[in-house]
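Visitor: Just need the structure, nothing else, for what follows:
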Amino acid sequence: MRTRIKICGLTREADVAAAVAAGADAIGFVCYPKSPRYVAPIRLRALGREVGVFASPVLLFVNAAPDLIEGALEMMPNALLQFHGDEHEPACNRYQRPYIRSVRMTDQTDVALFESEFTSAAALLVDAPTDDFGGSGQTFNWSHLPQQRGKPLVLAGGLNVDNVAAAIAEVRPYAVDVSTGVEQQPGRKSTAKIEEFIAAVRRADQRA
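Guide: You can find the predicted model right below:
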């Protein structure tokens with residue numbers, strides 16, 4: 001199985017183009033104003049043009065009002081949605097498009113319970129628990145993830161070129177999601193790090 005790759009937290013057109021050229025499957029834009037990687041809705045149209053037709057744009061929200069989400073979708077109509085806050089299933093599903101539901105992983109988190117509560121989700125994204133709703137660069141204990149899953153699993157949280165192969169070998173996720181691990185500074189990506197990360201994922205797939 002080929003592990004899909006999502007590069008998240010992009011704010012510049014050049015970084016989007018570099019990620020797509022390197023082979024990223026999905027490009028994530030953070031629509032959470034408190035994040036250092038925040039992208040204002042007015043910027044989404046220009047950034048979306050760099051995504052092209054063979055990668056998927058993903059809009060990340062944290063407890064956002066419906067009008068903010070709808071306004072962002074007007075700028076980027078083909079985007080998937082990612083909910084990273086405390087949203088319940090009806091709030092995630094109201095937009096009638098594929099969405100990813102984030103799960104903040106602790107020793108007590110029951111991924112199967114999230115699957116049952118978010119039956120309409122296209123996938124679950126598991127991440128380290130932080131007060132900032134992601135982008136912390138921290139990992140979590142991958143051994144707490146179930147081997148049997150009812151939905152595609154996207155692995156996030158502290159991934160980088162040095163640990164992504166081990167993560168893939170242990171977790172066997174549908175996709176990996178990286179932000180901090182390919183940055184120069186928050187919101188500014190390194191083309192070299194993006195290319196190295198994607199190459200590491202491809203090598204891990206070949207060994208699987």
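Visitor: what's the helix or strand for the residue nearest the centre of the chain?
Guide: By C-alpha atoms, centre = their mean, the mean C-alpha position of the chain lies nearest to Asp177, the distance being 4.7 Å. Assigned by DSSP states H and E, Asp177 belongs to strand 175-178.
Visitor: quick check: mean pLDDT across that strand?
Guide: Average pLDDT, strand 175-178: 98.
Visitor: So which other helices or strands are in contact with that strand?
Guide: Strand 175-178 is packed against strand 4-8, strand 123-127, strand 153-155, helix 164-171, with contacts defined by 3 or more C-beta pairs under 8 Å, 6 or more residues apart in numbering; DSSP states H and E. The C-beta positions use only the backbone N, C-alpha and C, and glycine is treated the same way.
Visitor: picking up where we left off before, identify the residue spatially nearest to the residue nearest to the centre of the chain, adjacent ones excluded.
Guide: The shortest distance from Asp177 to any non-neighbouring residue, by C-beta to C-beta, 6 or more residues apart in numbering, is to Ala156 (3.9 Å).
Visitor: Next one: that neighbour, what pLDDT does it get?
Guide: Predicted confidence (pLDDT) for Ala156: 95.
Visitor: From Lys189, how far out is it?
Guide: Taking C-beta to C-beta, to the nearest Å as the measure, Ala156 falls 16 Å from Lys189.
Visitor: nearest to Gln184, of the helices and strands packed on strand 175-178?
Guide: The minimum distance between Gln184 and the helices and strands packed on strand 175-178 falls on strand 4-8, with 13.6 Å, by C-beta to C-beta.
Visitor: Pairing partners for that closest one, with directions?
Guide: strand 26-30 (parallel), strand 175-178 (parallel) (DSSP bridges).
Visitor: Ala128 versus the residue nearest to Asp177, what's the distance?
Guide: 8 Å.
Visitor: who has more neighbours, these two?
Guide: Regarding Ala156 and Ala128, a neighbour count based on other C-beta atoms under 10 Å identifies Ala156 as having more, with 29 against 18.
Visitor: For that one, give me its contacts.
Guide: By C-beta atoms under 8 Å, 6 or more residues apart in numbering, the contact list for Ala156 reads 8, 102, 125-128, 134, 176-179.
Visitor: Out of the residues you listed, which is nearest to Asn141?
Guide: Nearest to Asn141 among the contacts of Ala156 is Ala128, at 9.6 Å by C-beta to C-beta.
Visitor: residue contacts, the closest one?
Guide: If a contact means C-beta under 8 Å, 6+ apart, then Ala128 has 104-105, 136, 138-140, 156-158 as its contacts.
Visitor: sorry, back to before: return the distance of the strand holding Asp177 from the chain's centre.
Guide: Centre-to-centre, strand 175-178 and its host chain are 6 Å apart (C-alpha atoms, centre = their mean, to the nearest Å).
Visitor: Report the helix of this structure that spans the greatest number of residues.
Guide: In the chain, assigned by DSSP state H, the helix with the most residues is helix 191-207.
Visitor: Show me what that one is in contact with.
Guide: 1-3, 5, 7, 15, 18-19, 22-24, 159-161, 164-165, 168-169, 176, 178, 181-183.
Visitor: can you pull the buried residues of that helix?
Guide: In terms of neighbour count (16 or more other C-beta atoms under 10 Å), helix 191-207 has its buried residues at 191, 193-198, 200-201, 204.
Visitor: Cool, thanks, signing off.
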